[in-house]
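Asker: pasted the sequence and its predicted model underneath.
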There are 2 protein chains.
Amino acid sequence: MPTVLLIEDEPALGMIVSDSLGVRGFKVINALNGAEGLNMFREHQPDIVVADVMMPEMDGFTMAELIRKENPHIPIMFLTARSQTADVVRGFELGGNDYLKKPFSLDELIVRINALLRSKPEVQNELPTLVNIGRYRFDPSRQKLMLDGQEVLLSHREAELLRRLYEQRNQVLGRSSVLTELWGDDSFFNGRSLDVFITRLRRYLREDAKIQIINIRGIGYKLII
Amino acid sequence: MPTVLLIEDEPALGMIVSDSLGVRGFKVINALNGAEGLNMFREHQPDIVVADVMMPEMDGFTMAELIRKENPHIPIMFLTARSQTADVVRGFELGGNDYLKKPFSLDELIVRINALLRSKPEVQNELPTLVNIGRYRFDPSRQKLMLDGQEVLLSHREAELLRRLYEQRNQVLGRSSVLTELWGDDSFFNGRSLDVFITRLRRYLREDAKIQIINIRGIGYKLII
DNA sequence: AGCCTGTGTTAAATAGTGTTAAACCCCCAA
DNA sequence: TTGGGGGTTTAACACTATTTAACACAGGCT
């Protein structure tokens, strides 16, 4: 449940935005000018700051500069009618991370806030995923296909193709979409290559008769488990 | 000197943006559609992707989705005339980090690119002095690899290569990028050398069967932990 | 100087991957 | 029913990667 510090001197707009954020599950702290915003920032340690620029007491840019000094990482977003390029540039130079011009849609605001919050948590370790395909087990990242004790190492292309088939299992995986994704384009020879790879996958998966890769003529393939 | 992958199907606009970025010291890779962009992404490992949405062959959204699957952290920015809120929302949902509506000012574009680049590298900067690789522990600066009380001293090349693999763990480390960074150029014999070093690292890391350095033919290697 | 050791390069044999070709199959429409 | 256009399969091929070994070279040591 992320906390948003919203600094907006016009109460009507502040209310609308504040409500809208509240509905989506954000905790919202409101402030009416930069000075108050700075205090609220120190007091509540929000996850993101969303600020108007033109405000009495202390403007948004000045406040952002001060906040940035205290916290070099917190996302700061400006929300303003000043849409001159020079203003936008200034906003980013002071350490802002986004700049949304009024009038804006609430959906866009929210999606941008989420994008900024998303960019923070930096954990790169992806857990190994192991999926079942019939009696087989498949590890897409290690490109391994296992059955009973035995395991086979697939090539990268084979693994990618099987992964896509699995993701769309029991649905059609389009020929041309795989071709453009994996081969870069949908040309005659690449099409033949794809056929060859399908044959190979069928052979790998032969031990479990339940599993089938069936062809939908002219459209694509479907992995049935 | 960050590398920007620019995907724009309209040559005139592509040229203007490309030049403008070049002047500010960015290295720019150009592509004319999503399919080509995806290939360039894999080949050049750019620091940021800037893409048009409406393009022939493969549109920008589809491409972004695919890139995001391969690299969960690289900043992706859309650059498009489609300014409906729904499009903006879609762009962010597919893993985009910013969305700039055409027509835009070049200064704004550049400042936004910088903001995105700024928000990333904090983590990639400096490796802690001691990192875990499966059951191993690796000290990149001392070039030491440890397992259960034992430790092996790696050569400088071995350690640098392992460090790069680790930094990009679970992602592809491009052949040509390592070669140019570590060997100075991507030539036939250097390529063989790299292969030899990969073999050596595989042997060092053999004790933990979970760890794998897998090859993506023609593209590079991926360290799986 | 001569010797040893560690490091990176070259070479060569082997293995693996993806592409092309060709023969065949089978569905479907004329 | 027949012919054509996918689709399937096998095989051959070109190319890339893997592995082992031999080698060259530099630094440190005696």
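Answerer: Alright, I've got the coordinates.

Asker: spell out which parts of chain A neighbour DNA strand D.
Answerer: A:175, A:191-192, A:195-196, A:198-199, A:202-203, A:215, A:217-219, A:221 (CB under 7 Å from any atom of the strand). Backbone N, C-alpha and C define where each C-beta goes, glycine included.

Asker: briefly note if the lengthiest helix in chain A comes near chain B.
Answerer: Secondary structure of chain A per DSSP state H: the longest helix is helix A:188-204. No. With CB under 8 Å from any CB of the partner chain as the measure, helix A:188-204 is seen stopping short of chain B, the closest distance being 11.2 Å.

Asker: parallel or antiparallel, which strands does the following helix or strand past that helix pair with?
Answerer: Next helix or strand after helix A:188-204 toward the C-terminus (DSSP states H and E): strand A:212-216. Counting by DSSP bridges, the strands paired with strand A:212-216 are strand A:220-224 (antiparallel).

Asker: quick one: mean pLDDT over the strand it pairs with.
Answerer: For strand A:220-224, mean pLDDT rounds to 90.

Asker: ok, stretch A:17-37 next?
Answerer: Averaged across stretch A:17-37, pLDDT comes to 95.

Asker: hmm, who's touching the longest helix of chain A?
Answerer: Here helix A:188-204 makes contact (CB atoms under 8 Å, 6 or more residues apart in numbering or on different chains) with A:145, A:152, A:154, A:157-158, A:161-162, A:165, A:175, A:178-179, A:183-184, A:213, A:215, A:221.

Asker: inside strands: which ones of those?
Answerer: When DSSP state E defines the strands, the subset of the contacts of helix A:188-204 inside them is A:L145, A:V152, A:I213, A:N215, A:Y221.

Asker: which among those residues end up buried?
Answerer: Buried by 16 or more other CB atoms under 10 Å in any protein chain shown: A:L145, A:I213, A:Y221, out of the ones in strands among the contacts of helix A:188-204.

Asker: look up which residues are beta-bridged to the last one.
Answerer: Right, A:Y221. Beta-bridge pairing of A:Y221 under DSSP bridges involves A:L173, A:N215.

Asker: just to check, it is in contact with A:L179?
Answerer: No. Counting by CB atoms under 8 Å, A:L179 is not a contact partner of A:Y221; they are 11.6 Å apart.

Asker: determine which two of the ones in strands among the contacts of helix A:188-204 are furthest apart.
Answerer: Farthest-apart pair in the ones in strands among the contacts of helix A:188-204 is A:V152 and A:N215; separation 23.2 Å (CB to CB).

Asker: measure how far stretch A:50-58 is from the centre of its chain, please.
Answerer: 30 Å (CA atoms, centre = their mean, to the nearest Å).

Asker: and what of stretch A:56-68?
Answerer: Centroid displacement of stretch A:56-68 relative to its chain, using CA atoms, centre = their mean, is 30 Å.

Asker: and for stretch A:36-46?
Answerer: Its chain's average C-alpha position is 28 Å from that of stretch A:36-46, according to CA atoms, centre = their mean.

Asker: then that stretch to CSV, C-alphas only?
Answerer: Taking Å, rounded to 0.1, in the frame of the first residue of the first chain, the C-alpha atoms of stretch A:36-46 are listed here in CSV:
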residue,chain,number,x,y,z
GLU,A,36,3.8,22.4,3.9
GLY,A,37,4.7,19.7,1.4
LEU,A,38,8.3,19.6,2.7
ASN,A,39,7.0,19.2,6.3
MET,A,40,4.7,16.4,5.3
PHE,A,41,7.5,14.8,3.4
ARG,A,42,9.7,14.8,6.5
GLU,A,43,6.9,13.6,8.7
HIS,A,44,5.4,10.9,6.6
GLN,A,45,8.2,9.6,4.4
PRO,A,46,6.0,8.9,1.4
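
Asker: give me the buried positions along stretch A:173-183.
Answerer: Result for stretch A:173-183 [16+ other CB under 10 Å]: buried residues A:L173, A:G174, A:R175, A:S177, A:V178, A:L179, A:T180, A:E181, A:L182, A:W183.

Asker: out of the residues you listed, list just those in helices.
Answerer: In helices, judged by DSSP H, the following of these are found: A:R175, A:S177, A:V178.

Asker: hmm, which of those residues is lowest in pLDDT?
Answerer: A:S177 (85).

Asker: ok, A:G22 to A:L6 distance?
Answerer: Distance, A:G22 to A:L6, by CB to CB, to the nearest Å: 10 Å.

Asker: among those two, which residue is more densely surrounded?
Answerer: Applying other CB atoms under 10 Å in any protein chain shown to A:G22 and A:L6 shows that A:L6 carries more neighbours, namely 24 against 12.

Asker: so that one: helix, strand or coil?
Answerer: Classification of A:L6 using DSSP: H, G, I helix; E, B strand; the rest coil returns strand.

Asker: show me which of the residues of chain A next to DNA strand D are buried.
Answerer: Among the residues of chain A next to DNA strand D, those scoring as buried are A:R175, A:I198, A:Y221 (criterion: 16+ other CB under 10 Å).

Asker: next up, the contacts around the last one.
Answerer: Yep, that's A:Y221 we're talking about. A:Y221 sits next to A:L165, A:V172, A:L173, A:R175, A:I198, A:I213, A:I214, A:N215 when contact means CB under 8 Å, 6+ apart.

Asker: as CSV, those with distance to A:V89 would be great.
Answerer: CSV is the format used below for those (distance: CB to CB, whole Å):
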residue, distance to A:V89
A:L165, 48
A:V172, 48
A:L173, 46
A:R175, 47
A:I198, 53
A:I213, 54
A:I214, 56
A:N215, 55
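
Asker: what residues does stretch A:155-167 touch?
Answerer: Counting by CB under 8 Å, 6+ apart, residues outside stretch A:155-167 touching it are A:131, A:133, A:138, A:140, A:143, A:145, A:154, A:173, A:178, A:181-182, A:194, A:197-198, A:200-201, A:204, A:213, A:221, A:223, B:214-217.

Asker: okay, the longest helix of chain A in CSV with CA atoms only?
Answerer: Extracted in CSV, the C-alpha atoms of helix A:188-204 (Å, rounded to 0.1, in the frame of the first residue of the first chain):
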residue,chain,number,x,y,z
PHE,A,188,9.3,-18.8,-46.6
PHE,A,189,12.5,-20.4,-45.4
ASN,A,190,12.0,-19.4,-41.8
GLY,A,191,8.6,-21.1,-42.1
ARG,A,192,10.3,-24.3,-43.1
SER,A,193,12.7,-24.0,-40.2
LEU,A,194,9.7,-23.6,-37.8
ASP,A,195,8.3,-26.9,-39.2
VAL,A,196,11.5,-28.6,-38.6
PHE,A,197,11.6,-27.4,-35.0
ILE,A,198,8.0,-28.5,-34.5
THR,A,199,9.0,-32.0,-35.6
ARG,A,200,11.9,-32.0,-33.2
LEU,A,201,9.7,-31.0,-30.3
ARG,A,202,7.2,-33.7,-31.2
ARG,A,203,10.0,-36.2,-31.0
TYR,A,204,11.2,-35.0,-27.6
